[in-house]
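Asker: Curious how this folds, go ahead:
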Amino acid sequence: MLKRLVAVVAALVDVGGLQVPRGGVASTKLCRAGRKAAVMAAVVIAVGACGDNSQGGLSPLRQSSRPMPSSGEGWKDFVRPSSTSGCPSGPCADILAQVRKGATTITVPADVTPSIEDAAKDLRVPEGGNCSQLPVAGLDRAYQPCLFDAGAPPTAPVIIVIGDSRAAMWSLAFSKLASQLGYRFGLVYRAGCSMPRVEHPAGGGTSEEECKAWKDAAINWVNQQNPAVVLVASGPDLPDVGVTPALLTTGYAATLKELQAPARKLFVLGEVPHLQQNPPACLAAHLSSAKACATPTSSATSADEQQADLHAAQQAGAGYVNLTPWLCTEDLCPAIVGNYLPYLDQLHLNQTFTEALIPVLQQAIKIGAWPR
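Answerer: Down below sits the predicted model:
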């Protein structure tokens, strides 16, 4: 029964982006364009109601439709650790060692964290902040921007994370980093609304016009706060939205330039490698064969997308945080990293793992404590 429940929860989360209540766990939101989310949810619920498959295990997991990268072996450039992934440094060396360990792990560790049961719901955003209201009609309360002082004085500088569901994914980690360094923290996100200024189908019943209105208002709010550091975390996945790498570069650079300001540090948080199977559900079915849940790095990462993000950052004079070495070796992206189960679903990391990355995140964005 526990395995069946894990499969249901994980598969439901896997339909796309996330709508995360402030202070609550992640709930599913159908936000990825071109995916049969409602049908998939119905199939999963039916499986949970009717029992396991004929082999006695979990029902077969949906495979990723992510194609092989179109730019040869360019993805290898992003697996090599560099300053954009916080190297060289002690925290980066530690996470690289844990990734190598995960790539050879056969049996799921008994103390894997978060547990398989908890991984698919291990996501929250900060709570208790001073929240504003964007001038966007009918905007869900979860998508209103908030500032959190974290014990810092009103004069302390601000670190803001803006983006789609990936911004929610990173929010608690950067909130804690801001607190450690004496900064205040801000968050504004909307699941399904990627940040590049390109035309593409929005998800979860959100139109492109609604996403544009939100982006206009959110970027304006960020600039009104005059933050010292802005981190942009966003899709899209090119095959899903039909955007070419050149258009993505131009569109993302346009957004980043809107967020520029003198003396402001601006960063793009790179894309999370996509695993072909939902990690929590897959590991529940393969406790003694964890490598069955891994994905070849050449399939989990897309050089086209990563290079588009990197080039956009370069055009806007922004930094780029390369996530791939924190999750993949040159050959494999495992579902286990050290003793961590890092994924919430195929597209997002969970809160436990993002918080474990705080030391290397600090190295990657090269930020120190605010001198009071």
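Asker: C-alpha from now on. contacts and neighbour counts both.
Answerer: Will do.
Asker: where do the helices sit along the stretch 151-300 of the chain?
Answerer: Here the stretch 151-300 of the chain has its helices, by DSSP state H, counting those that start in this stretch, at 165-181, 208-225, 238-241, 245-258, 279-285, 297-300.
Asker: so what does the longest one touch, helix or strand wise?
Answerer: When you say that, I think you mean helix 208-225. In this structure, helix 208-225 packs against strand 158-163, with contacts taken as 3 or more Cα pairs under 8 Å, 6 or more residues apart in numbering; DSSP states H and E.
Asker: quick one: contacts of the strand it packs on?
Answerer: 167, 170-171, 174, 178, 183-191, 193-195, 218, 222, 225-234 (Cα atoms under 8 Å, 6 or more residues apart in numbering).
Asker: Among those, which are located in strands?
Answerer: 184, 185, 186, 187, 188, 189, 229, 230, 231, 232, 233 (DSSP state E).
Asker: Now tabulate these in a markdown table and tack on pLDDT, neighbour count and distance to residue 115.
Answerer: A markdown table is the format used below for the ones in strands among the contacts of strand 158-163 (pLDDT from 0 to 100; neighbours: other Cα atoms under 10 Å; distance: Cα to Cα, whole Å):
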| residue | pLDDT | neighbour count | distance to residue 115 |
| --- | --- | --- | --- |
| 184 | 96 | 27 | 31 |
| 185 | 97 | 29 | 29 |
| 186 | 97 | 27 | 29 |
| 187 | 98 | 30 | 27 |
| 188 | 98 | 26 | 29 |
| 189 | 97 | 30 | 27 |
| 229 | 98 | 20 | 33 |
| 230 | 98 | 25 | 32 |
| 231 | 98 | 26 | 29 |
| 232 | 98 | 24 | 29 |
| 233 | 97 | 24 | 26 |
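Asker: Save those residues as a markdown table, and put in distance to residue 275 too.
Answerer: As requested, those are exported to a markdown table (distance: Cα to Cα, whole Å):
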| residue | distance to residue 275 |
| --- | --- |
| 184 | 34 |
| 185 | 30 |
| 186 | 30 |
| 187 | 27 |
| 188 | 27 |
| 189 | 24 |
| 229 | 30 |
| 230 | 28 |
| 231 | 24 |
| 232 | 22 |
| 233 | 19 |
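Asker: List the contacts of residue 228.
Answerer: 157, 158, 159, 263, 264, 265.
Asker: Weed out the non-buried ones from these.
Answerer: The neighbour-count test (16 or more other Cα atoms under 10 Å) marks 157, 158, 159, 265 as buried among these.
Asker: would you turn the residues you listed into a markdown table with pLDDT?
Answerer: Below are the buried ones among the contacts of residue 228 laid out as a markdown table (pLDDT from 0 to 100):
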| residue | pLDDT |
| --- | --- |
| 157 | 96 |
| 158 | 97 |
| 159 | 97 |
| 265 | 97 |
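Asker: circling back to that earlier point, what's the closest of the helices of the stretch 151-300 of the chain to residue 136?
Answerer: Minimum separation from residue 136 across the helices of the stretch 151-300 of the chain (Cα to Cα) falls at helix 208-225, 6.5 Å.
Asker: Just want the most central residue of the chain.
Answerer: residue 166 (3.6 Å; Cα atoms, centre = their mean).
Asker: Touching, residue 301 and residue 75? I think so.
Answerer: Yes. Counting by Cα atoms under 8 Å, residue 301 touches residue 75, with 6.5 Å between them.
Asker: between those two, who's got more neighbours?
Answerer: Set side by side, residue 301 and residue 75 show more neighbours around residue 301, with 28 against 24, by other Cα atoms under 10 Å.
Asker: what's the distance between the closest residue to the more buried one other than its chain neighbours and residue 324?
Answerer: Nearest non-adjacent residue to residue 301, counting by Cα to Cα, 6 or more residues apart in numbering: residue 273, 5.1 Å away. Counting by Cα to Cα, to the nearest Å, the gap from residue 273 to residue 324 is 6 Å.
Asker: what residues are shared contacts of the two?
Answerer: residue 301.
Asker: and residue 101, how many neighbours?
Answerer: 16.
Asker: which parts of the one helix or strand it maps to are buried?
Answerer: Residue 101 belongs to helix 90-103 when assigned by DSSP states H and E. By neighbour count on 16+ other Cα under 10 Å, the buried set for helix 90-103 is 91, 92, 93, 95, 96, 98, 99, 100, 101, 102, 103.
Asker: Which residues does that helix contact?
Answerer: Under Cα under 8 Å, 6+ apart, the answer for helix 90-103 is 85-87, 291, 294, 325-329, 332-339, 359-360, 363.
Asker: Out of those residues, name the ones that lie in helices.
Answerer: The helices, defined by DSSP state H, take in 359, 360, 363 from the contacts of helix 90-103.
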